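Peer 1: Coordinates for the following, if possible.
(chains A and B)
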Amino acid sequence: MLLIYCPYCEEERSELEFRHGGDAHIARPTNIADISDAEFEDYFFLRDNPKGLIFERWRHIHGCGRFFNAARDTVSDKFYMSYKAGEPKPYIPGVSPASEKPLSENVGETYEATEGTAK
Amino acid sequence: MADHALRKAPLAGRHGGSAGARVTPAAPATRLSLRAGADALGALSAAFGLTLPTRPKTSASAGGRHALWLGPDEWLLIDENEADLMALAAGAGVLHSAVDVSHRNTAILVSGPHAAGAIASGCPLDLGNAIFPVGAAARTVLGKIEVVAFRPGEEDYRVECWRSFSPYAFGLLSEGAEDAGL
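Peer 2: Predicted coordinates for the structure are as follows:
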């Protein structure tokens, strides 16, 4: 059974308690009303689906209920590490990201910025 | 005789388990799903008469009342004496969210030397002494349903599940109890 470290529960728990939440660190453009359809499509729908290291959102839905981020290898399914929502993308020693999409100039509100604490 | 209604307990009359792990329905209790920020904990703790735990997988108990840590800002409160927890929460006077889930949940008590084994038949949580000592509590899964596991005593576990799932949970735990001692 795959064990995933939850940074809020501070221990490894069974994969059965978790749910995948898509790519992490996707910044919402601040000028969302002004961007073109193509730019919106790129932000909202298009993902890289890389082979290798990926940073993803996960939710400990049957545990503490919290979203957090994890660095995972899409080939081996190995979890390199997980970290709390709101924390910056970590450096994984010896592993380079499979794809690196340049962040937009207009880095606005991200999921991570709003999920850190319940409001 | 339509002038009064009888409450029917979801697991009334059921019994199961084995010599090593008894499985029994818990008595009715009042329960509260509580969400609150760190700044409200002092007033809420005073209102409930126990210190709300802030460490993962811990609980606090006082006089038949238990507060189980479920998440960084979420607790499950259980009062075995059926005290009015909603009134206590309302009297705290600080910002919080409290939902009465007394009748949404029911509980199954698993006790005996093989109690942990009976629960482990359908639960991925490590229930060993080193990582789940007396007083530990966690939300997890049991077979196909979500449950909250709580360990009030050395050989006692309380499994809180949703009322409509309770026959499934009871059946699974009873099967597990029969297998656990083998």
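Peer 1: low pLDDT regions in chain B?
Peer 2: Applying pLDDT under 70 to chain B picks out residues B:1-2.
Peer 1: hey, C-alpha coordinates of the longest helix seen in it in PDB?
Peer 2: Among all segments of chain B classified by DSSP state H, the helix with the greatest residue count is helix B:166-180. Listed next in PDB are the C-alpha coordinates belonging to helix B:166-180 (Å, rounded to 0.1, in the frame of the first residue of the first chain):
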ATOM      1  CA  SER B 166     -23.700   1.500  10.800                       C
ATOM      2  CA  PRO B 167     -25.000  -2.000   9.800                       C
ATOM      3  CA  TYR B 168     -22.200  -2.300   7.300                       C
ATOM      4  CA  ALA B 169     -19.600  -1.100   9.900                       C
ATOM      5  CA  PHE B 170     -21.000  -3.500  12.500                       C
ATOM      6  CA  GLY B 171     -21.000  -6.400  10.200                       C
ATOM      7  CA  LEU B 172     -17.400  -5.700   9.100                       C
ATOM      8  CA  LEU B 173     -16.200  -5.300  12.600                       C
ATOM      9  CA  SER B 174     -18.000  -8.500  13.700                       C
ATOM     10  CA  GLU B 175     -16.400 -10.500  10.900                       C
ATOM     11  CA  GLY B 176     -13.000  -8.900  11.800                       C
ATOM     12  CA  ALA B 177     -13.500  -9.800  15.500                       C
ATOM     13  CA  GLU B 178     -14.100 -13.500  14.600                       C
ATOM     14  CA  ASP B 179     -10.900 -13.500  12.500                       C
ATOM     15  CA  ALA B 180      -8.700 -11.500  14.800                       C
END
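Peer 1: what comes up buried for that helix?
Peer 2: B:Ser166, B:Tyr168, B:Ala169, B:Phe170, B:Leu172, B:Leu173, B:Ser174, B:Glu175, B:Gly176, B:Ala177, B:Glu178, B:Ala180 (16 or more other CB atoms under 10 Å in any protein chain shown). For the C-beta atoms, the positions are set from N, CA and C on the backbone; glycine is no exception.
Peer 1: what's next to that helix, contact-wise?
Peer 2: Helix B:166-180 has contacts (CB atoms under 8 Å, 6 or more residues apart in numbering or on different chains) with B:10-11, B:14, B:16-18, B:20-23, B:25, B:106, B:108, B:110, B:112, B:114-115, B:117-122, B:142-145, B:147, B:159, B:161.
Peer 1: Check the gap between A:Cys6 and A:Tyr83 for me.
Peer 2: 11 Å (CB to CB, to the nearest Å).
Peer 1: Identify the contacts common to the two.
Peer 2: Residues within reach of A:Cys6 and of A:Tyr83 at once, by CB under 8 Å, 6+ apart, are A:Phe68.
Peer 1: Comparing these two, which residue is more hemmed in?
Peer 2: Applying other CB atoms under 10 Å in any protein chain shown to A:Cys6 and A:Tyr83 shows that A:Cys6 carries more neighbours, namely 22 against 18.
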